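A.B. asks: The sequence and its predicted three-dimensional model are supplied below.
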Amino acid sequence: MQIEHVRRRLRAHGAKPCHEEVLLRAWAQVLPLDSGRQRPENFFPLQLRTALPAIEAEMNSIARVRSQHAGEDGSGRLLIELADGQTVECVLLPRDAVCVSTQVGCAVGCVFCMTGREGLKRHLGSAEIVAQVALARRLRPVRKVQFMGMGEPAHNLDNVCEAIELLGIEGAIGHKNLVFSTVGDLRVFERLPRASVKPALALSLHSTNAALRAQLLPRAPQIDPAELVELGEQYARATHYPIQYQWTLLAGINDGDEELERIGELLAGKYAVMNFIPWNTVPGLDFRRPTRERAKTMVRTLLQRGILATLRDSAGQDIEGGCGQLRARATAMVVA
């Protein structure tokens with residue numbers, strides 16, 4: 001379901017733009033309708049007030065929490081069931097952040113990712129994306145939304161941008177606390193600079209070697225890493241906010257000194273931060289995490305060269321929280 005569908009439903013019952021704004025704000029922020037300055041009975045037209053219970057029921061049915069799994073690190077994994085029975089994952093992160101999905105499955109086929117193994121089932125509508133944030137806000141405060149869950153946001157650009165606009169306005173999320181994560185697609189660099197809400201941008205790099213990157217991300221656009229970094233730099237300078245480069249660390253594959261040297265060359269002087277993320281173990285995949293000391297050495301080396309770098313762990317390691325694992329486990333149980 002798209003947000004525009006919700007707007008049309010409201011207009012069909014006499015809602016004006018001011019009424020739409022109040023109702024969408026209440027939905028996205030999980031606020032009672034009487035939280036504003038005006039009482040609903042004095043503000044909404046009679047026809048709209050009469051229809052509100054049915055409209056609210058429809059909006060609440062967009063998505064529901066099928067299961068919830070708490071991690072020892074303070075994270076939480078939600079398996080979200082959509083109206084058609086499909087499921088996606090949503091991750092509650094420390095520091096009031098949430099990671100949402102944009103597709104059921106994914107077409108990029110990253111070889112180290114569980115989601116990529118099942119392929120793309122369908123896009124999420126913009127309302128289904130916002131509904132994940134609303135569900136998360138029923139459980140804990142949310143001040144940051146990362147579009148880093150299941151799916152490639154660039155492949156569902158219209159719906160993701162519509163969700164970002166609503167969350168950045170009616171949803172009261174700071175624009176740079178909305179993080180659009182992508183493997184890199186020229187359409188992203190054309191669309192986001194023209195958007196009314198310009199999110200922070202995270203680019204999945206994973207290798208500076210074009211041939212190796214193509215092996216790791218077999219169906220991603222074949223953009224040379226140097227060109228991708230240059231496109232990212234242009235967006236960073238235009239929006240006055242650094243690009244986050246994501247790098248899943250795979251032992252013996254992309255954690256060597258040659259990669260580290262090339263990262264230093266590519267990001268020298270760039271408005272950027274490199275986030276190293278040790279691979280989240282996926283059963284059946286023959287990859288390994290590098291040692292903790294090796295990962296720390298990579299961070300230290302870049303910091304010594306004046307490049308901001310961090311070492312992050314994927315949240316929910318103890319609850320099979322890697323992208324797509326929760327859905328895969330639930331699907332397997334249904335099949336069995």
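C.D. replies: Cool, got the structure.
A.B. asks: can you give me the strands in the stretch 51-200 of the chain?
C.D. replies: Taking DSSP state E, counting those that start in this stretch as the criterion, the stretch 51-200 of the chain contains strands spanning 63-70, 76-82, 87-93, 97-99, 103-105, 120-123, 144-147, 178-182, 200-204.
A.B. asks: export the longest one as CSV, just CAs?
C.D. replies: These are the backbone C-alpha positions of strand 63-70, laid out as CSV (Å, rounded to 0.1, in the frame of the first residue of the first chain):
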residue,chain,number,x,y,z
ALA,A,63,1.6,-4.5,9.0
ARG,A,64,1.8,-6.3,12.3
VAL,A,65,4.5,-7.8,14.5
ARG,A,66,4.4,-11.5,14.1
SER,A,67,7.3,-12.2,16.4
GLN,A,68,9.8,-10.2,18.5
HIS,A,69,13.3,-11.3,19.5
ALA,A,70,15.4,-9.4,22.1
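A.B. asks: Okay, angle between that strand and strand 87-93 too, please.
C.D. replies: Counting by axes from the mean of the first three to the mean of the last three C-alpha atoms, to 10 degrees, strand 63-70 lies at 50 degrees to strand 87-93.
A.B. asks: quick one on the thing from earlier: what's the closest of the strands of the stretch 51-200 of the chain to residue 112?
C.D. replies: With C-beta to C-beta as the criterion, residue 112 lies closest to strand 200-204 of those, at 11.0 Å. Where you see a C-beta, it was placed from the backbone N, CA and C, and this is true even at glycine.
A.B. asks: Now render the strands of the stretch 51-200 of the chain as CSV, adding mean neighbour count, mean pLDDT and distance to residue 131.
C.D. replies: Conversion of the strands of the stretch 51-200 of the chain to CSV gives the following (neighbours: other C-beta atoms under 10 Å; pLDDT from 0 to 100; distance: least, C-beta to C-beta, whole Å):
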stretch, mean neighbour count, mean pLDDT, distance to residue 131
strand 63-70, 16, 94, 4
strand 76-82, 21, 96, 8
strand 87-93, 24, 95, 10
strand 97-99, 24, 96, 12
strand 103-105, 22, 96, 14
strand 120-123, 17, 96, 14
strand 144-147, 22, 98, 12
strand 178-182, 23, 98, 16
strand 200-204, 22, 98, 22
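A.B. asks: just so I know, which of the ones you listed lies nearest residue 29?
C.D. replies: When these are compared for distance to residue 29 using C-beta to C-beta, the nearest one is strand 144-147, at 12.4 Å.
A.B. asks: Could you check how far residue 301 is from residue 257?
C.D. replies: According to C-beta to C-beta, to the nearest Å, residue 301 and residue 257 sit 9 Å apart.
A.B. asks: Could you list the low-confidence segments of this structure?
C.D. replies: Within the chain, the stretches with pLDDT under 70 are 314-336.
A.B. asks: Would you mind naming the residues that bridge with the residue positioned nearest the centre of it?
C.D. replies: For the chain, the residue nearest the mean C-alpha position is residue 147 (1.3 Å; C-alpha atoms, centre = their mean). Beta-bridge pairing for residue 147 (DSSP bridges): residue 180.
A.B. asks: Fine, thanks again, bye for now.
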